[in-house]
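Novice: Pasting a predicted model and its sequence here:
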Amino acid sequence: MRILHLRSGQGIYGAETVLLGLARACAARHTVVVGVLADARHQDEPALLAAARARGLPAAAVPVSGRLDPAAPWRIRALAKQWDVDVVHSHDYKSTILATAGLVGTGRRHVATLHGDTGESKAVQLYERALYGVLPLLDAVATVSEGLLDKVRARAPRAVAAGKVRWIANGLDEAALAARVQRGRDQVRAELGVAAGQRLVLAVGRLSVEKHHVGLIEAAAGLGDEVVVAIAGDGPLQQELEAAAQRLGVAGRVRLLGARGDVADLYRAADVLAHPSLTEGLPMVVLEAMASGLPVVASDVGEIARTVDAGAGVGACGVVVAPGDVAALRDALAGVLAWGEAERAAYGERARRRVTEKFGVDAMARRYEAELYGAGG
């Protein structure tokens, strides 16, 4: 079988990590190509393109000029023909809508994964609405959380009624994550300006409204001078977050790191991961932190509570708090930062084991092959 993955965007975040892990796992049994919708107005190579090639996957850019490019569907159609693919798998609203138009009459199977809505602007909300409108035209759809499945039931009932939609949990390529570790904990902490005796809270994600990094900065104001917060990611709220840190008097303890290619090192350098999102599916950041033995404090949204087994009490693999509750976030972070070495070691062992047993990449890939691609059991 020949499979073409499609995704738009410049960075490497959760959805891109899922795509890369899925593509690499499927490549053991099929021919897999990664297509990246790239803004034709920029010369920089999309990070996803380079990441796919680094993993030994064939990859190609699909130039797209602006939000409305009538030639883009034809370029997708041409790429699918060039590789003679059986399945086109799109991973965001833009690639799904354009591929739906480009694949008309080709007979190629078109499937999509819904990684989560952002609703970060009115324009994005319109695109997301259009995405739900085209879902009934696809051959199959996967959601990464039960909450997203419920949303599809409400917004695309025809697709659900036709039996096209199912929930497939994300899986982590642990070997690929481990291979990305390049530097030691002390070296990274020194580079980030974390002094001896200070604790490091890490957040990883796009700087956009739904990630609620402003809440983390507000929480940092109540954590004391011994706590440094580092946020890895870029996005439209960079200046707003810088202003919030200044206003709250924590600018000296908040590091906005921008887009990073060394997140695997950052996990090993941090003392706790904070993931204060207001909406999520199943964030790969949480799985990566767990696989790295890093304690997790996250909002109780999407599949996070189920992922960290929050109902297991002292056996849980993370702490969840109500979304948007800054005081609860602050207190949970303070509690985890107060753990002793034995408690942290026990947590790390539980978390790593849970990822391996419940969220492996190969199990995810085989479900996609059987349930979306039509490759059989």
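Specialist: Alright, I've got the coordinates. The structure presented is a predicted model; accordingly, all values stated were derived computationally and were not measured.

Novice: Setting aside sequence-adjacent positions, which residue approaches residue 201 most closely?
Specialist: Leaving aside its chain neighbours, residue 201 sits nearest to residue 229 (4.7 Å; criterion: C-beta to C-beta, 6 or more residues apart in numbering). Yep, even glycine has a C-beta here, placed from its N, CA and C like the rest.

Novice: ok, now residue 369?
Specialist: Distances taken as C-beta to C-beta, 6+ apart put residue 375 closest to residue 369, at 4.1 Å, once the chain neighbours are dropped.

Novice: Identify all contacting residues around the helix or strand that contains residue 186.
Specialist: Per DSSP states H and E: residue 186 is located in helix 185-191. Contact with helix 185-191 is made by 200, 262, 265, 266, 268, 269, as judged by C-beta atoms under 8 Å, 6 or more residues apart in numbering.

Novice: buried ones in that helix?
Specialist: 188, 189 (16 or more other C-beta atoms under 10 Å).

Novice: ok, then the element right after that helix?
Specialist: Sequence-wise, the next helix or strand downstream of helix 185-191 (DSSP H and E) is strand 199-204.

Novice: relative to strand 199-204, how tilted is whichever helix or strand residue 16 is part of?
Specialist: Taking DSSP H and E as the criterion, residue 16 maps to helix 14-26. If you take axes from the mean of the first three to the mean of the last three C-alpha atoms, to 10 degrees, helix 14-26 sits at 70 degrees to strand 199-204.

Novice: chain center to helix 14-26, what's the gap?
Specialist: 10 Å (C-alpha atoms, centre = their mean, to the nearest Å).

Novice: who does the following helix or strand past that helix touch, helix- and strand-wise?
Specialist: As assigned by DSSP H and E, the chain's next helix or strand after helix 14-26 is strand 31-39. Other elements packing on strand 31-39 under the criterion 3 or more C-beta pairs under 8 Å, 6 or more residues apart in numbering; DSSP states H and E are strand 2-8, helix 14-26, helix 47-54, strand 59-64, helix 72-82, helix 93-102.

Novice: Give me the below-cutoff pLDDT ranges for the stretch 251-377 of the chain.
Specialist: 376-377 (pLDDT under 70).

Novice: can you give me the strands in it?
Specialist: Secondary structure of the stretch 251-377 of the chain by DSSP state E, counting those that start in this stretch: the strands cover 254-258, 272-275, 296-299, 319-321.

Novice: quick one: terminal-to-terminal distance for stretch 291-305?
Specialist: The straight-line separation of the ends of stretch 291-305 (C-alpha to C-alpha, to the nearest Å) is 16 Å.

Novice: now the strand or helix carrying the residue nearest to residue 201: mean pLDDT?
Specialist: Using DSSP H and E, residue 229 maps to strand 227-232. In this model, strand 227-232 has a mean pLDDT of 98.

Novice: Next, the angle from it to strand 254-258.
Specialist: Interaxial angle of strand 227-232 relative to strand 254-258 (the same axes, to 10 degrees): 10 degrees.
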